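**Q** got a predicted structure plus its sequence, pasted below:
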Amino acid sequence: MPGDVLLLSNSRPPGGAAPFAHAREILASHLGGRPVWFVPYARADHDDYVAWVSRALGQDIDLRPLHREPDPAATIADARAVFVGGGNTFRLLHDVRRLGILDGLRANPDCRYTGSSAGTNLACPTMRTTNDMPIVDPGGFDALARVPFQVNPHYLDPDPTSTHQGETREERIVEFHEMNPEPVVGLREGAWLHRTDDTLRLGGNTARLFRRDETPVELAVGDDLSWLLTPS
């Protein structure tokens, strides 16, 4: 059975609370005292990013900077837990592929995985439901497939008062389904998906489920989404 997976929409909770304040309990439970290798490649300044996350999570979580390792691919291949931070998904995928970390994670399915934002995108079959600009060619869109469905972090509902004339997030996901069959979970801010063994539940906030040629469905906190773990 693959290692457990925790996928956060975001690190900064709504309302200006401290980073990860909305998810401290689930993070502590999920990581369970394991050494956690932090993957900072979604942002440019790796040292600053690790320091920021380390301060936010506190001393109860043993966070270790993967980018400081002489062979990060070998380190991650033996890791018990990994936390992939947010930022730009294209840069993240580019660097973890270039450094062999992507293959290292694939070779270590028992590693307990935590992702936030771009790190959540990396856990999907592909990165095709990211919100980010393609600032670099990632060498392909295929990702880790720690879950068999797609996630759209930071999901935004249409604002009827907005003067914006571009596509809504829902319209972009509909475009995705014109070319791809995988379900998409739109995670609103503060929401997460937690998989343990064959069980998948939504926590933190509500979400929206999109399936090809079907009406979107609202998901409530605590909903059992385990059926999504079996590809249709």
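**A** Received, thanks.
**Q** do I have it right that Gly87 meets Ala118?
**A** Yes. At 5.3 Å, Gly87 counts as touching Ala118 under the criterion of C-beta atoms under 8 Å. Placement of C-beta: from N, CA and C, glycine included.
**Q** between those two, tell me which one has more neighbours.
**A** Remark: of Gly87 and Ala118, Ala118 carries more neighbours, 26 against 19, as counted by other C-beta atoms under 10 Å.
**Q** residues in contact with that one?
**A** Ala118 makes contact with 42, 84-89, 92, 130, 132, 153 under the criterion C-beta atoms under 8 Å, 6 or more residues apart in numbering.
**Q** now swap in Asp95 and tell me
**A** Listed by C-beta under 8 Å, 6+ apart, the contact set of Asp95 reads 41, 101.
**Q** that one belongs to a helix, doesn't it?
**A** Yes. Assessed with DSSP: H, G, I helix; E, B strand; the rest coil, Asp95 lies in a helix.
**Q** give me the secondary structure label for the residue most central in space within the chain.
**A** Using C-alpha atoms, centre = their mean, the residue of the chain that lies closest to the mean C-alpha position is Thr120, 0.8 Å off. Under three-state DSSP, Thr120 falls in the helix class.
**Q** now the nearest residue to it once chain neighbours are set aside, what's its secondary structure?
**A** Distances taken as C-beta to C-beta, 6 or more residues apart in numbering put Leu7 closest to Thr120, at 4.2 Å, once the chain neighbours are dropped. Three-state call for Leu7 (three-state DSSP): strand.
**Q** against Thr215, how distant is Leu7?
**A** When distance is defined by C-beta to C-beta, to the nearest Å, Leu7 is 24 Å away from Thr215.
**Q** out of these two, which sits in the busier spot?
**A** Comparing Leu7 with Thr215 by other C-beta under 10 Å, the one with more neighbours is Leu7, at 28 against 7.
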